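In: heads up, no residue letters with this:
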């Protein structure tokens, strides 16, 4: 990838008055953000033909603009209303058109009868945009249970339920020019496809979206005795940082209206060990597709042995880190933010950290009777090293690498240089 560009603007409040007189107006709560990304990537095999002209022509270039608009309003004292609008604009230099060609001879181990799908690349400038609108309503619910012991004082449970609505038009319609159909075989089977799916960045999905989303977040804290605290004689311990479940219902879909149920959670043990968990459940059964003979979701709810959700995957991750370097004072707040992935604050002359992570994903497979047929389990272990050195007042360098125990090799290595330009940040990354 060369080059990679990223420009991010902090959220602005464009209608905020310079002098606050009276109550805050509703339009003063509107926030507008902006980000721009550019990428030029090439996926190829490095050999003697690598620096050729034909190889350089395979670079995939794209640009993406993101413009989120949001606001937050309190109503009925305990509820928060958050309307939002997201606009995305992509610039591509290639368009891919697929057609059935009777003159083609396809080879897949043996010569088959003539005929195949031909993909033509049409260079040019293509502007692909989409948008979504929506709003959400949320509130906070607190529960407290007190103890009469000397060590344990209380447990507080915080619940954040949220209901949201999202609308996105069907960008697969012919008028937008993003989607088309091509003949996939000699029988005339037509398959929909996106003209820009070979470019960087995500493609505009087809199908209308009119979804209602439901989510619940939980956190659990305990207050215990702390003799070192001379003011309150107590301290808080986080038992569960976050435990969240979310699902949505698409009213515009003609079938399979419910989405997958996602459950995720994370917590920290002894302030050193991080534990993350995620799982995905499907409310629908699997059935065999008559054409592909593959198992696909069908519009029939799952009900097996009293269970109404079918687990599809789960993952446990345990990680810890050790930081070395001069002791840092509390960071001074600065009205400057950056979304650079390796932003450096230039606060410490040197810093190094070791991190260890173990991941245990599980993938579930179901047979034609919707019964669990087999489970594949793999354990991934990585040891990461990050080190940074402040060269001058405005220049900093960082080195990061990661050892994969499963593959027995270095999975990633990166050298980065940073320059603080006061209102801007410049970085150069070598991966």
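Out: Alright, I've got the coordinates. As the structure is a prediction and not an experimental result, all values here were calculated from the model.

In: what pLDDT, on average, does the strand or helix carrying residue 313 get?
Out: Using DSSP states H and E, residue 313 sits within strand 310-324. Mean pLDDT, strand 310-324: 81.

In: and the next helix or strand after it, what other elements does it pack with?
Out: Counting by DSSP H and E, the element after strand 310-324 in chain order, helix or strand, is strand 350-366. With contacts taken as 3 or more Cβ pairs under 8 Å, 6 or more residues apart in numbering; DSSP states H and E, strand 350-366 sits against strand 310-324, strand 372-377, strand 380-390. C-betas here are computed from N, CA, C, even on glycine.

In: I'd say residue 32 and residue 11 touch.
Out: Yes: in this structure, residue 32 is within contact of residue 11 by Cβ atoms under 8 Å, at 6.8 Å.

In: hmm, back to that, now the helices and strands packed on strand 350-366 in CSV, with distance to residue 198?
Out: Converted to CSV, these look like this (distance: least, Cβ to Cβ, whole Å):
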stretch, distance to residue 198
strand 310-324, 28
strand 372-377, 30
strand 380-390, 30
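
In: so where do the helices sit in this structure?
Out: Along the chain, counting by DSSP state H, helices occupy 53-56.

In: so where's it uncertain?
Out: Residues of the chain meeting the criterion pLDDT under 70: 1-2, 43-57, 104-113, 323-348, 368-370, 372-377.

In: Give me the most central residue, it.
Out: residue 202 (11.9 Å; Cα atoms, centre = their mean).

In: Torsion angles phi and psi at that one?
Out: The phi and psi values for residue 202, taken as degrees, to the nearest 10, are phi -70, psi 150.

In: hmm, back to that, which one of residue 32 and residue 11 has more residues nearby?
Out: residue 32 (16 against 12; other Cβ atoms under 10 Å).

In: can you tell me which of the helices and strands packed on strand 350-366 comes nearest to residue 187?
Out: Closest to residue 187 of the helices and strands packed on strand 350-366, according to Cβ to Cβ: strand 372-377, at 31.1 Å.

In: on that earlier part again, dump the helices and strands packed on strand 350-366 into a markdown table; add mean neighbour count and distance to residue 291 as well.
Out: A markdown table is the format used below for the helices and strands packed on strand 350-366 (neighbours: other Cβ atoms under 10 Å; distance: least, Cβ to Cβ, whole Å):
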| stretch | mean neighbour count | distance to residue 291 |
| --- | --- | --- |
| strand 310-324 | 15 | 23 |
| strand 372-377 | 10 | 22 |
| strand 380-390 | 16 | 36 |
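
In: Among those strands, which comes closest to residue 423?
Out: For those, the distance to residue 423 is smallest for strand 380-390, at 19.7 Å, taking Cβ to Cβ.

In: Sheet partners, orientation included, of that closest one?
Out: Sheet pairing for strand 380-390, assigned by DSSP bridges, gives strand 350-366 (antiparallel), strand 395-404 (antiparallel).

In: Now mean neighbour count and distance to residue 174 too, for those, in TSV please.
Out: Compiled in TSV, the strands paired with strand 380-390 are given as follows (neighbours: other Cβ under 10 Å; distance: least, Cβ to Cβ, whole Å):
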stretch	mean neighbour count	distance to residue 174
strand 350-366	15	37
strand 395-404	17	46
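
In: Test my guess that residue 410 contacts residue 404.
Out: Yes: using Cβ under 8 Å, residue 410 makes contact with residue 404 at a distance of 7.4 Å.

In: overlap in contacts of these two?
Out: Common neighbours of residue 410 and residue 404, using Cβ atoms under 8 Å, 6 or more residues apart in numbering, do not exist here.
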